[in-house]
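Asker: below: sequence and its predicted model.
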Amino acid sequence: MDILPGLVLLVLLTLLAPRRVLTQDTVSVELGRQTLLQLPAQSSTDIDLDDISSTYVYCTIQAHTHQTEVTLSWTDPARVDTSWTSTDTGIVSRLDSGQTSLYWFLYNNADSVVDVLVLASCFDSEAPLIGGCNHEFNMENDANIHHTELSYITTITYQPSNIGTLRDTSYSCDIPNTSLRYRLTYDVYVMYLKSNSSSSLFTAMSKMMTRADIVQHADEVISYSSDDLTLKVGLTGFPDQGAIYTIVVNDPVNSAAPYFPTTSYGCSDIHTDCEYYTDHKVFVLFLVSLLGLVGIFLLVCGHRFLKTELFIFGYLMWSMVGYLILCVDPELPTISLLMFSVLFGMVGGFVYVFLWWRLGTPIVIMAIVGVTPGILIAAVIMFTPFVNFTIWATASNYWLGFTVGSLLVCLITVSFPKLVSIFSCSLIGSYLVTLALDVYLGGHYKYIVLFVVSHAGIPGFSSVVRTVPFTETDQILAAVWATLFLFGILFLVWRERKNPPFPPSPYAQWRLDYENRTRPESSAPSPPSSPPQPTAPDERTPLVSRIA
């Protein structure tokens, strides 16, 4: 009897306590037809697929949202081994003999309405069983692509597939090199979003949910066979740049099937500003603005003011070298790294000016200057899919190729010092102006240099698959860069057409002036004597000159 008041109090608390009740709805979907659902807050939706043909072996359901995670399950309530929660989620359901319908459950645990793009697909025995050899995640067959983002690298993880079979049959995944699943190949595709809005996401996602649409609209970045199959693929990621990744598994004997696509925005949280310069935005914007002004100076006055040109190229070259050396230390704060790089650059600039003052040899000085545009050209080449060749997958090969490419430009043009000067001012000046515009407009040309730095500062970056979007902003900036480059060459050639190629050597000029000032007067050479002037003839002058 003593526990009766406690039981009554517990019942009252249970009845009066606020509870979150899930509203339930039922939706019937058509096979192969995309459906955009609006899930109410705190709701559970039953998804039904009926009239499944007996020729199909398994069916899939995938759901995609913009920012809010939803849970997709084939049991109610959802369990860890029967569901997956994400903004991009999918389930593989194998069919039993005689089964003609499937039921899935979609949960929205958020406090707001969520738009979800849903697609149900079915596959016959010739299609590979996607995610059918899962040994890592909770579900028996997991075709979801998992991704993580870290420092310009988006890593996608997936589980291997198995070959297609009839209903109620399967092939083993655990026999190395002899299992038939080793004949499968995997193609990785990517599609970049035009913006991070929900409409842009759903428009792009609608083109990434079936194999035919993927092959037609997306870009294939790399392909893996059974010999080099890896369950983790590192791809270049760009902060605040949305991208949809997916994989198509191909059976060379039969057919193919796509994995469930996944969306990445280059950072772990789309709700935050994940740009690389967020913590030091004011400093970075000031620096790129200053570099833009320097670029304009090089385009207009570069070759005319030779000493200033040499200081600028020395600064750019050695600030980058200093950054590459110091960024190896992960404990060095970013602001300290930038300040030390600026210091390195100033020292390098003064060294370049001193070399010109002391040597005064145009070929030698311009050979040193020519390394800087060589670095930029090598960086542009290594920014393209050319770097995805296997030979560049190791850091030693990458840096060897990068160094050779940088010096090759210098060696080709070393015999034309004035041309090297004008070409360097035009190329570097136009890129600096484009770089400043790129940072303000949100393009991708800044990554030409940042990816070179990442090879030194991020372990394993050489093995990352290089894929770069070419947005409308990038197209405009490419036109600006090309126009400025041509303008710089033509203007500098026209301006310097009547001037000597290079000014005289400062040190040689100073030494000549010094010797003239310090030479003693006694040792000065006497002026040459003038020839004797003929005298006027008199009575003693012979009338006929004697011939010797």
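Answerer: Thanks, I have the structure now. None of the values given here were measured: they were computed from a predicted structure. Numbers count the residues shown, from 1 in each chain.
Asker: how much space separates Ile214 from Leu184?
Answerer: Separation of Ile214 from Leu184 (Cβ to Cβ, to the nearest Å) stands at 16 Å. The C-beta positions use only the backbone N, C-alpha and C, and glycine is treated the same way.
Asker: can you name the next helix or strand after the top strand by length along the chain?
Answerer: In the chain, assigned by DSSP state E, the strand with the most residues is strand 114-124. Under the assignment DSSP states H and E, the closest C-terminal helix or strand after strand 114-124 is strand 146-150.
Asker: tell me the first helix or strand C-terminal of that next one.
Answerer: With DSSP H and E, the next secondary element past strand 146-150 is strand 153-157.
Asker: who does that following strand pair up with?
Answerer: Taking DSSP bridges as the criterion, strand 153-157 sits next to strand 146-150 (antiparallel), strand 232-236 (antiparallel) in its sheet.
Asker: how about whichever helix or strand comes after the last one as PDB, C-alpha atoms only?
Answerer: Once the chain leaves strand 232-236, the next helix or strand it forms, by DSSP H and E, is strand 243-250. Coordinates of the C-alpha atoms in strand 243-250 are reproduced here as PDB (Å, rounded to 0.1, in the frame of the first residue of the first chain):
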ATOM      1  CA  ALA A 243      28.700  18.400 -55.600                       C
ATOM      2  CA  ILE A 244      26.800  15.100 -56.100                       C
ATOM      3  CA  TYR A 245      28.800  11.900 -56.100                       C
ATOM      4  CA  THR A 246      27.700   8.500 -57.200                       C
ATOM      5  CA  ILE A 247      29.100   5.200 -58.500                       C
ATOM      6  CA  VAL A 248      27.900   2.900 -61.300                       C
ATOM      7  CA  VAL A 249      28.900  -0.700 -60.900                       C
ATOM      8  CA  ASN A 250      29.300  -2.600 -64.200                       C
END
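Asker: now do strand 243-250: distance to the chain's middle.
Answerer: Mean C-alpha position of strand 243-250 versus that of the full chain (Cα atoms, centre = their mean, to the nearest Å) differs by 19 Å.
Asker: and it with strand 232-236, angle?
Answerer: With axes from the mean of the first three to the mean of the last three Cα atoms, to 10 degrees applied, the angle from strand 243-250 to strand 232-236 works out at 140 degrees.
Asker: show me what strand 243-250 is packed against.
Answerer: strand 153-157, strand 185-192, helix 211-217, strand 256-258, strand 262-264 (3 or more Cβ pairs under 8 Å, 6 or more residues apart in numbering; DSSP states H and E).
Asker: what's the longest one in contact with?
Answerer: What that stands for is strand 185-192. Strand 185-192 has contacts (Cβ atoms under 8 Å, 6 or more residues apart in numbering) with 156, 158, 161, 204, 207-208, 214-215, 217-226, 229, 233, 235, 241-250, 252, 465, 467, 469, 471.
Asker: adjacent strands (with direction) for that strand?
Answerer: Strands adjacent to strand 185-192 in the sheet, as given by DSSP bridges, are strand 219-224 (antiparallel), strand 243-250 (antiparallel).
Asker: return the distance of that strand from the chain's centre.
Answerer: Centroid displacement of strand 185-192 relative to its chain, using Cα atoms, centre = their mean, is 16 Å.
Asker: same check, this time on the last one
Answerer: From the chain centre to the centre of strand 262-264 is a distance of 16 Å (Cα atoms, centre = their mean).
Asker: same check on the third one?
Answerer: In this view, helix 211-217 has its centroid 24 Å away from the chain centroid, taken as Cα atoms, centre = their mean.
Asker: fine, thanks again, bye for now.
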